[in-house]
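1. this is the structure alone, sequence omitted:
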């Protein structure tokens, strides 16, 4: 088991940007392996390792997913969240992390509202940093699990037509997915209102659509993004109802895409805002449940990968 | 150890209602077994199992009790509470639970303010649901631990005279206890102000008393319920002081009950409201400490029971 | 390993006051042993033991440090903090602790805003209480880790000149350190504004200085205390900026102390208030990182010590 080769030579997982095809393929393959029945319950890969979940933003699924992954690998894991910590006392991110680093964890899994927080941290600690979402920047394990689910469906990423729909501007999920999918040879479109699409997004190798009809056309998969509450009734979108009428995906407008097109959502979903409730519950079309399931397996693979590169690089 | 027969054929523990005498007896017997010195520290019954504590209400004792039970059985356990989760982001109970379910826990222990939440969930997940309190509905492990403590005192439930005193209307503890105690052949009275006793409670097989004097008469055991803060100075009770003068139990009015009558309280106690402080601390009369202790043992038994029925039913 | 002799005969660790030299020496020696590379990862000393972290105040480092220590010793550990517990429902400290005690933990690690809380608790429970900070009273493991770091630097405590600088009045860290350092034969000075130094502090065997210049003179080590936010702009100190100009330690005024003098800080630091940011980051002079690291090792030693005395005393 220790001989699996991830073709990865970094002790941190900070983003998808710059990751090559071979590395991505190996992670997906390994995640699919762990996702087989009971393969993700229970191994000794991280026996004697210490993992710290350091979350500066609320999260159920990502935090739980990493925690379950770490526990299934027999690691010790600590959860530290902002509300119950001395960050309230005004300590800086760096000081908090340096403090935790001095307790010799092997992994520090960081979620932080500032873009670039994970990379900055990685320069101040000896442990491996996993970026579990930093501001609008990246959320690499989300993109990896999305791709692993697509592969698990028997779909090839090369040449696949994917539309990412919603708040592209503020979404780290969108950015990580765009990096990964374009690297793997998929054709990526982004769909959303002009206020929620960055001006220069074409440089990332994607097509831009401001209306759903033309955007969905001939798509194999639609990735629906969560609309953040704070944007629902502000200047960026007129209202929940308006947003739904223009960009909400339902079983009806899904017909604009290819026959048998599938939908994905990183969760948590706003039913009736970016996705119709009926569609969300249609497990023939929606891959949401499989995304959560694969999330644990992908994180097991990423933790294993970093452990292996630490062993290789720090020897 | 795996051969203990609980006479139970459900993968969920949602309530006491409908549970038969034989099943209840087996759980109590097994809980008493685990409650013997050190028998609840430490076994491998849930080795490789994953337990999730999903609490939508504050709780110290019930949450800690389940966590200690699960850990003593060598399970991995996750704690998820509302305040640190994406429920704040507006996700529904079902979506949260479906998300967690997709991470393949073996048990989901749910506390939720809505009556019926546990049963509703059980229809959407593959894991075993344990109801750790749902609104005003049921709190089955509390009733089981109360009964196990009574048996541990050498007292027979059949024919036992028990008075439940306080806010019957809003109490899931009262409902679960009434189901259990009447099933086991005890004679149950309820005592409280008319505003806090449901109109049709006699149908559950209990006698109703609106004053303490007649209610306590000839009782072997008095179960004192917690008066919720939000009812203390509202329309339901005039004030803390008034409530205490009419329905607070102390060593003096306890003399109205049988000689050597015992008192129980599910905790946390409001000293000087529903129970006198001196009485709460009198371990000759108060079984409160033993209830907490038995709580861990009962939860170990319930987790074992569900594991065994899963093995039987899902094969 | 079980034969290490701590010369300690109490099942609780409530403070440094009254602890003799031999005991302190043994703890420091043992902590240094655990602090050697990988010695604090991972042993079976607390296999089958249950540890509860009961924190009534926010804390990152102390809570995490105890949790990592307990996990590295293979204990089960529960974290209970005020915000997610029924303490909000008005339960008293004693009732909360009695409840947890009835679940048979081996250790209860308590942080509480009231001075004397740990000692009071110790009279109501059977488990071992470790005081992790009680009001302005004591924080024994902090003083022990500070001393262990000094020893680890090859510095003898006997005859050492140490200045403790800042809010002495409200600091449990200062009190525990004064007890420990004077017991070990160090010469302790305290430096701070008159409003933040208790009137009768000389009785503890320390010299008092109201200005930095004379206080730092000939000091080998300066322990800088955290200035609590609530005192920064109140009546006790004029403002952050004023405090820094009079009592903030930087690389410049440090020259007033002995050549090669070192600085310590229990964290979290207020950079630019009690310590200059550059100095905080200068690992040649600042022992802050080593203090955090030693924190885990000292707590492992303390947990082992109490386990051994329980075995001895309760047999």
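-> Received it, and whenever you're ready, just let me know what you need. It should be emphasised that the depicted structure is a prediction, and the values quoted were computed from it without experimental measurement.
2. how close does the residue in the stretch 201-315 of chain A that chain C sits nearest to get to chain B?
-> Residue nearest to chain C within the stretch 201-315 of chain A: residue A:314 (13.4 Å; C-beta to the nearest C-beta). Just so you know, the C-beta spots here come from the backbone N, C-alpha and C atoms, and that holds for glycine as well. The gap separating residue A:314 from chain B is 28 Å, by C-beta to the nearest C-beta, to the nearest Å.
3. quick check: closest non-adjacent residue to that residue.
-> Excluding its sequence neighbours, the residue lying closest to residue A:314 (C-beta to C-beta, 6 or more residues apart in numbering or on different chains) is residue A:11, at 7.2 Å.
4. ok, now which ones touch that neighbour?
-> When contacts are counted by C-beta atoms under 8 Å, 6 or more residues apart in numbering or on different chains, residue A:11 is found next to A:128, A:306, A:309, A:310, A:313, A:314.
5. scan those and report the most crowded one.
-> residue A:128 (24 neighbours; other C-beta atoms under 10 Å in any protein chain shown).
6. tell me how many other residues crowd the closest residue to residue A:157 other than its chain neighbours.
-> Nearest-residue entry for residue A:157: residue A:184, 4.0 Å, with adjacent residues in sequence omitted and distances by C-beta to C-beta, 6+ apart. For residue A:184, the count of nearby residues is 19 (other C-beta under 10 Å).
7. wait, residue A:184 sits on residue A:155?
-> No. If you go by C-beta atoms under 8 Å, residue A:184 and residue A:155 don't touch, sitting 11.4 Å apart.
8. so where's chain A shaky on pLDDT?
-> Applying pLDDT under 70 to chain A flags the ranges A:1-2, A:83-91, A:233-234.
9. gap between residue A:141 and chain C?
-> 23 Å.
10. residues contacting that residue?
-> Listed by C-beta under 8 Å, 6+ apart, the contact partners of residue A:141 are A:13, A:62, A:130, A:132, A:295, A:298, A:299, A:302.
11. give the buried residues for the helix or strand containing the last one.
-> The one in question is residue A:302. Element membership for residue A:302, per DSSP states H and E: helix A:288-313. Going by neighbour count (16 or more other C-beta atoms under 10 Å in any protein chain shown), the buried part of helix A:288-313 is A:288-310.
12. how far does that helix sit from the chain's center?
-> 12 Å (C-alpha atoms, centre = their mean, to the nearest Å).
13. do the same with stretch A:217-227
-> For stretch A:217-227, the distance to the chain centre is 15 Å (C-alpha atoms, centre = their mean).
14. look up how far chain C lies from residue A:119.
-> Residue A:119 sits 19 Å away from chain C, going by C-beta to the nearest C-beta.
15. now that residue. Its backbone dihedrals?
-> Main-chain dihedrals, residue A:119, degrees, to the nearest 10: phi -70, psi -40.
16. need the contact list for it.
-> A:14, A:15, A:131, A:134.
17. and residue A:204, by the same measure?
-> Residue A:204 neighbours (C-beta under 8 Å, 6+ apart): A:175, A:178, A:179, A:182.
18. that one and chain B: what is the separation?
-> With C-beta to the nearest C-beta as the criterion, residue A:204 and chain B are 27 Å apart.
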